[in-house]
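K.L.:
when you get a sec, could you give me coordinates for this:
(3 chains)
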Amino acid sequence: MLSFKDIRQGLLVALWFIFLTFPLLVIKINPIENSVNWRWLNMVYVGSFSFLIYLITRMVMARKLERQKKIKLGLVKEKVAWSIKLFSQPRLYLPLLAAVAVFFLLFPGLFSTYQVNIMITALMYVVLGLGLNIVVGVAGLLDLGYVAFYAVGAYTYALLNMHFGLGFWTVLPIGGVLGAIFGILLGIPVLRLRGDYLAIVTLGFGEIIRLILENWSSFSHGPSGISNISRPGFFGIELSLEMSIVYMYYLTVLMVLFTIFVVNRLQDSRIGRAWFALKEDEIACQAMGIDKMKTKLTAFSLGATWAGMAGVMFAAKTTFINPASFTFLESAIILCIVVLGGMGSIVGVIVGALVLILMPEYLRAFSDYRMLAFGAILVVMMIFRPQGIIATLRRTYTVKGDLE
Amino acid sequence: MEYFIELLFSGLTRGSIYALIALGYTMVYGIIGLINFAHGEIYMIGAFTALVVSTALTIYGFPLLAVVVLTALAAAVWAASYGYTIERLAYRPLRSAPRLSPLISAIGMSIFLQNYVLLAQTSDFVPFPALVPEFAFMEPYAHIVGSSDMAILVVSALAMIILTCMIKYTRTGKAMRATAQDQKMALLVGINVDNVISITFITGSALAAIGGLLIASHIGQINFYIGFIAGIKAFTAAVLGGIGSIPGAVLGSFILGLTEAFATGYVSSDYEDVFAFSLLVLILIFKPAGLLGKATIEKV
Amino acid sequence: MQPILNVQNLTMDFGGIRALDHLSLQVHSGEIVALIGPNGAGKTTFFNCITGIYKPTKGDLLLTPPGKKTKKLNGLKPNKVTEQGLARTFQNIRLFPNMTVLENVMIGRHCRTRSKIFGAIFRPPGTRREEEEIIQDSLDILKKIGLAQLANEYAKNLPYGAQRRLEIARALATNPFMLLLDEPAAGMNPQETLELDELITTIRDDGLAILLIEHDMKLVMNISDSIFVVDYGKKIAEGSPEEIAKNPAVIKAYLGEEIEHA
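P.N.:
Here you go, the predicted structure:
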């Protein structure tokens, strides 16, 4: 399996990474005592770690090549992905679905308020991920400023609540509509741009919104943010803190269900097909009579609508918001959810959000390395599994007695 | 008038630093059509390496001149190594992938490197030693332009001249230009395209590291996040000049540097970063080919 | 009789290069017209100008759909041109590789159907009916083209010849009265070319006009009603296949002896 050559190559790779990380990982300056702290142990870690990683990738790649060769020769059949196997058989996935439903229904009864709070956060990322999935996963528009629309929603609720005392239910649609309006206003000029430019412009826009929120203090209270935002009302009844968290939990679950319903229907429609085709080939799409701008704009603004609504929910949940919640890193986390889960895959995005948000919460040791891992995930997924952990399958159609 | 000249020099200094970073963006884009999102992080890593090396050498009692030379060398060598490694790991496997895949990979790399430095070193701002001494001959003008401004201007001008000569007159430079025009044809006439791409990353990274070192010594403090803003601004400069064009990157950098200096000097510094971002958005919308770039026609 | 497509003095410049030079061409209803010429003569540029992908520098593009008024195509976006009833295929196949064969054709129905976001989410009866029609119409087209048994395959998994046919199917789904085919026989084996020959004639017999770029002289001579020859962006000859075969300028510029044993 592993030849001597691989081992030698692995050692060279390890040496290279030891060299590469030497100044930053090994040397540390203590400016107060004016002394140098040599952390030689890190060198050993880096060396052995990169050696192992190299050998593992080698092995995996070799096995993959072997398989492809066998498939080509017709010795073995191409493996059907487990996710596809699972979802093609109702006998398998219906009980699983039921179990998941029961779990989420009973969650607040089974776990502490603290856990419920974490789950609400994770579910909000599910909503955000599904919203961005329309834009990035389905329509193929890389939006790096998604968090701007999230901020629009959150500040809409915070400000309307503070100045006019408007409640959650009134502002939820307003937040969505404002998100859509911002999406359209930004979308009209920028959606003409090529994919990579679009990514940078949306990133710039996201940062502009955040910097404005930080600097325009008379409007947004600046970096200190807005506090004491009302929680969602429950038919005018005062809820205890604990009860209101449980209430918020069920609201979020409802929102997730609503989002799944909408995204699912959209994907399987005339508009959804056009989005997907646009991602595949813009020029062919136009030649088929699809209005490129209009179609992109619907996807972009619909994604923004969901971010706006999620923003309102976020403000209602935390009761305090400030610009620090809406940095580029937040957009990157949501993008990471979509990329890890599988672009265009609803189940994938849900799994991706739950894994990426819950894991650091429960594995405390891991939480320091959270962003490091997110960055690595983006790179590794693009190289080894661009379709995400759960790949999508296109819908097949059968017309009664029509297909021979 | 003096204030004006002070701002002028401050603008030129900013412009030179942007140019050193923007060149890396524009060279990589010219050759493989990728916005190397992690390029700002290379600049940051260059600055951090310089910090670590210069402080360590000073503690061990090296004379200033030796510290400066060794630090510059270390910053350039390590940044170049990072640039090379990033290309090998994160971009090369994706060369034939859909256009957005390498960009997403680059974003991942950028986030990874930021947090790598945060974990390996610190999340705080750290003081950076002044590597440029106050030159005696600059004394009479010290109230208008500092010695480190002068050093930045001279060093970056030198770097740009060397780069231009390399691209214009060397074999490697010729190979680079050929690869930028048509990768397949370059391959067919026997150019090792992989090597050319590696050299592009190495050169661009070394330039960015020099920029990082100069600006860190000028400002006096750095942290792991400086690459993000500097990267975006340099990218703005590259786009303004016309991405892919080397003179364009330099021109764009000086325009951006000067406008920023005058805008913050005469108007207000609150929205300094908003200004750069807005400029970026506006250029991409209204003149995506930039000042010196060529508009491309997609083949059907 | 008025031509349905009337191109007058079409000129296209790219920077300093003149890709098309005062090119005029007419297509009449129910005709198969071929546009031939050496590689790089500007044939595909001509298609791109007509279909709105490029904006021509000079000249008029006049379209007269059956029973409607003449309309100028200059400056229309590609999707608007398709809505007028002009559909095209591409020289280097541009299918949607990760969509199924049926879905590729369903995309072609897009511009003839209406349902919007509201309909997609709430699925009122009208939308459901429209969706069923899209599926049915697309299947009918696939049957006609002979790809119905592959309806649920991914487009990228089709053999080359089938991909070319799928491009035609997709173009037909937009309900055109005129079809522009860019080298439909490129890369096909003789058997596939023969089938293509039949397919194109059937489409013509269904009442569509066809404008065709092709290098396969046998196919061109077999099926065309008239032929236009371009070289360096200029028209050097036009006429029936027989006239073109005899035209000395054409033979000199490009056909050579090929015609002799055709």
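K.L.:
hang on, C:Val220 packs against C:Phe228?
P.N.:
No: C:Val220 lies out of contact with C:Phe228 (Cβ atoms under 8 Å); the separation is 10.9 Å. For every residue, glycine as well, the C-beta is placed using N, CA and C.
K.L.:
so what's the nearest residue to C:Ala237 once chain neighbours are set aside bridging to?
P.N.:
Leaving aside its sequence neighbours, C:Ala237 sits nearest to C:Val229 (Cβ to Cβ, 6 or more residues apart in numbering or on different chains; 4.3 Å). Counting by DSSP bridges, C:Val229 is bridged to C:Ile36, C:Ala237.
K.L.:
check contacts around C:Val229.
P.N.:
By Cβ atoms under 8 Å, 6 or more residues apart in numbering or on different chains, the residues touching C:Val229 are C:36-37, C:235-238, C:244, C:247, C:250, C:253-254.
K.L.:
at 7 Å instead, please
P.N.:
Counting by Cβ atoms under 7 Å, 6 or more residues apart in numbering or on different chains, C:Val229 makes contact with C:36-37, C:235-237, C:244, C:250.
K.L.:
can you redo the residues you listed as JSON lines with pLDDT?
P.N.:
Compiled in JSON lines, those are given as follows (pLDDT from 0 to 100):
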{"residue": "C:Ile36", "pLDDT": "91"}
{"residue": "C:Gly37", "pLDDT": "88"}
{"residue": "C:Lys235", "pLDDT": "91"}
{"residue": "C:Ile236", "pLDDT": "89"}
{"residue": "C:Ala237", "pLDDT": "89"}
{"residue": "C:Ile244", "pLDDT": "88"}
{"residue": "C:Val250", "pLDDT": "81"}
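K.L.:
buried subset of those residues?
P.N.:
C:36-37, C:235-237, C:244, C:250 (16 or more other Cβ atoms under 10 Å in any protein chain shown).
K.L.:
between those, which sits nearest chain B?
P.N.:
C:Gly37 (17.5 Å; Cβ to the nearest Cβ).
K.L.:
over to the closest one: give its phi and psi.
P.N.:
Per-residue torsions, C:Gly37: phi 160, psi 160 (degrees, to the nearest 10).
K.L.:
please parse the chain into its domains.
P.N.:
Here I'm looking at chain A. For chain A, automatic domain parsing gives the domain ranges A:4-73, A:111-384.
K.L.:
correction: the question concerned chain C.
P.N.:
Split by automatic domain parsing, chain C gives C:1-85+C:176-262, C:98-173.
K.L.:
can you flag the weakest of the ones you listed by average pLDDT?
P.N.:
Among these, domain C:1-85+C:176-262 has the lowest mean pLDDT, at a mean of 88.
K.L.:
that one: how far from the chain's middle?
P.N.:
The chain centre lies 9 Å from the centre of domain C:1-85+C:176-262; the measure is Cα atoms, centre = their mean, to the nearest Å.
K.L.:
same check on stretch A:328-344?
P.N.:
With Cα atoms, centre = their mean, you get 3 Å for stretch A:328-344.
K.L.:
give the rounded mean pLDDT of it.
P.N.:
Mean pLDDT, computed over stretch A:328-344, is 92.
K.L.:
next helix or strand past the helix or strand hosting B:Leu12?
P.N.:
Element membership for B:Leu12, per DSSP states H and E: helix B:2-32. Using DSSP H and E, the helix or strand that follows helix B:2-32 in sequence is helix B:39-59.
K.L.:
and that following helix, does that touch chain A?
P.N.:
Yes: using Cβ under 7 Å from any Cβ of the partner chain, we find that helix B:39-59 touches chain A at B:48-49, B:52-53, B:55-56, B:59.
K.L.:
list the buried residues of that helix.
P.N.:
Residues of helix B:39-59 classed as buried by neighbour count (16+ other Cβ under 10 Å): B:39-58.
K.L.:
just say which of the domains of chain A is most tucked in.
P.N.:
Mean neighbour count (mean count of other Cβ atoms under 10 Å in any protein chain shown) peaks for domain A:111-384 among the domains of chain A, with a mean of 21.
K.L.:
on that earlier part again, closest to C:Leu73 out of the residues of helix B:39-59 next to chain A?
P.N.:
Nearest to C:Leu73 among those: B:Phe48, at 59.0 Å, using Cβ to Cβ.
K.L.:
okay, that closest one: pLDDT?
P.N.:
B:Phe48 carries a pLDDT score of 94 in this model.
K.L.:
how about A:Leu55?
P.N.:
Note for A:Leu55: predicted pLDDT of 93.
K.L.:
for chain B, what's the nearest residue on the stretch 101-250 of chain C?
P.N.:
C:Asp182 (9.1 Å).
K.L.:
higher neighbour count, C:Val220 and C:Phe228?
P.N.:
C:Phe228 (25 against 21; other Cβ atoms under 10 Å in any protein chain shown).
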